[in-house]
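need coordinates for the below:
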Amino acid sequence: MRKLASVQRIIGIEPILGSDKIEMAKVLNWHCIVKKGEFNVGDYVVYFETDAIPPDLPDFDFLRGKHNKVKPIKARRIRGMVSQGLVMPISIIEGLDISEPYGVEKYDPVEIVTTNGMVSGKRPEFIIKSDETRVQAYSDEIFNLLQGNSFDVTEKIDGTAFTCYIKDDRIGMCSRNSMISLETTSPFTYVYKFYDLGSRMRQLRLKYGYDIAIQGELIGRGIQGNKYGLKDFDVYLYNVIRLDTQEQFGLMDTNGINDTAGMLGIKTVPYLGDILMNNTVDDLVLRSSAMSLLKPDQPREGIVLRMRKLDLDRFQHKRYFNERVSFKVINPNFLCPGISE
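Residues are numbered from 1 along each chain as shown. This is a model prediction of the structure:
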């Protein structure tokens, strides 16, 4: 669960070349532009992640838009430097998650316009939501626990969440927040019919011997600006869940993403190789800064690093992470394309 707002400490401040009014502060592993001289190393602050919507208070009047509403915090590029998040002064306990008591909400872009009865109810609770932690949200202490471990690296695709499952011989499909009707015309049902998932999910259930869900990124016309230039729709698989145990399987795991995608005839998210972690956060951000394998003139959204299940079973620090040890690194050139402010 993301800490949209938390009390943290400034662990570094660096000058910005050519500027006498602003400087770069480091909070956890985030880099944020602040007014020069406003903060010092060691100061406690309230840090707001990107996509957080701060509360409707005078402190945030500078974030108000045309309709006098406080706008979500976005990454910005200033003088060639990318600033991710907002730092505000505070002096209380470091690391306190104040999202709920402080009235902070998460900005979620509309997935797809829901028309023609596309939504048929709420997303079932037995389906895990995929919400990878951004690597910069880890403290140095937590990030160091990952060193020396192997990770598969995949491209993060900018689409909308797609889940299809079979449970008790019933096929269901859902978006990030809602059940999707199989009886209407939508990007979801296009993919469902194109890959004949009704029949193939039952074959998969018979082969594996347990109920299963697949999760992927749905892309195409009308979705996130159709960055990949598709004429219709497609889905790229990034997770497989065994529903009776809630185990999650990666690319190379037995009955994992590659095996499952092969049986269904579905593509997987582009594989970028594996790494033995001996990197800094800045190393990983640099690695994320490349073009998409789906469309060479489109900056990729970022990368996802995920520990294989065999290694996860031996990992000694699972309590510090989610059910699968994985995280995302967003490409700063994807967040802030174009010219600096």
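
and the helices in the protein, which stretches?
Under the criterion DSSP state H, the chain contains helices at 140-144, 187-194, 197-208, 257-264, 281-288, 309-314, 332-335.

how about residues contacting the third one?
Residues external to helix 197-208 that are found in contact with it (CB atoms under 8 Å, 6 or more residues apart in numbering): 164-166, 169, 171, 173, 182, 191-192, 211-212, 214, 242, 255, 260, 263-265. Yep, even glycine has a C-beta here, placed from its N, CA and C like the rest.

and that helix, what's its mean pLDDT?
Averaging the model's pLDDT scores along helix 197-208 yields 96.

taking the contacts of helix 197-208, please make a ChimeraX selection of just the buried ones.
Buried residues among those (16 or more other CB atoms under 10 Å), as a ChimeraX selection:
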select :164,165,166,171,173,182,191,192,211,212,214,242,255,260,264
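
restricted to strands, list the contacts of helix 197-208.
Cys164, Tyr165, Ile166, Ile171, Met173, Ile212, Ile214, Arg242 (DSSP state E).

and these, which two are furthest apart?
Farthest apart among those by CB to CB are Met173 and Arg242. That separation is 18.1 Å.

state the distance from the residue nearest to the spatial centre of the chain to Met201.
The centroid of the chain falls nearest to Glu132 when counting by CA atoms, centre = their mean (4.5 Å). Going from Glu132 to Met201 by CB to CB, to the nearest Å gives 25 Å.

one step back: just put the helices of the chain in JSON lines and tack on distance to Glu105.
Output for these, formatted as JSON lines (distance: least, CB to CB, whole Å):
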{"stretch": "helix 140-144", "distance to Glu105": "25"}
{"stretch": "helix 187-194", "distance to Glu105": "26"}
{"stretch": "helix 197-208", "distance to Glu105": "34"}
{"stretch": "helix 257-264", "distance to Glu105": "32"}
{"stretch": "helix 281-288", "distance to Glu105": "27"}
{"stretch": "helix 309-314", "distance to Glu105": "32"}
{"stretch": "helix 332-335", "distance to Glu105": "20"}
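
those helices: lowest mean pLDDT?
Of all the helices of the chain, helix 309-314 carries the lowest average pLDDT, namely a mean of 85.

restrict that one to CA atoms and write it as CSV.
Only the C-alpha atoms of helix 309-314 are listed here, as CSV (Å, rounded to 0.1, in the frame of the first residue of the first chain):
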residue,chain,number,x,y,z
LYS,A,309,9.2,-17.7,-6.5
LEU,A,310,12.1,-20.1,-5.9
ASP,A,311,14.3,-17.2,-4.7
LEU,A,312,11.4,-15.7,-2.8
ASP,A,313,10.9,-18.9,-0.8
ARG,A,314,14.5,-18.5,0.5
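
what's stretch 184-194 in contact with?
Contacts for stretch 184-194 (CB under 8 Å, 6+ apart): 112, 116-118, 160, 162, 164, 173, 175, 180-182, 197-198, 218, 220-223, 232-235.
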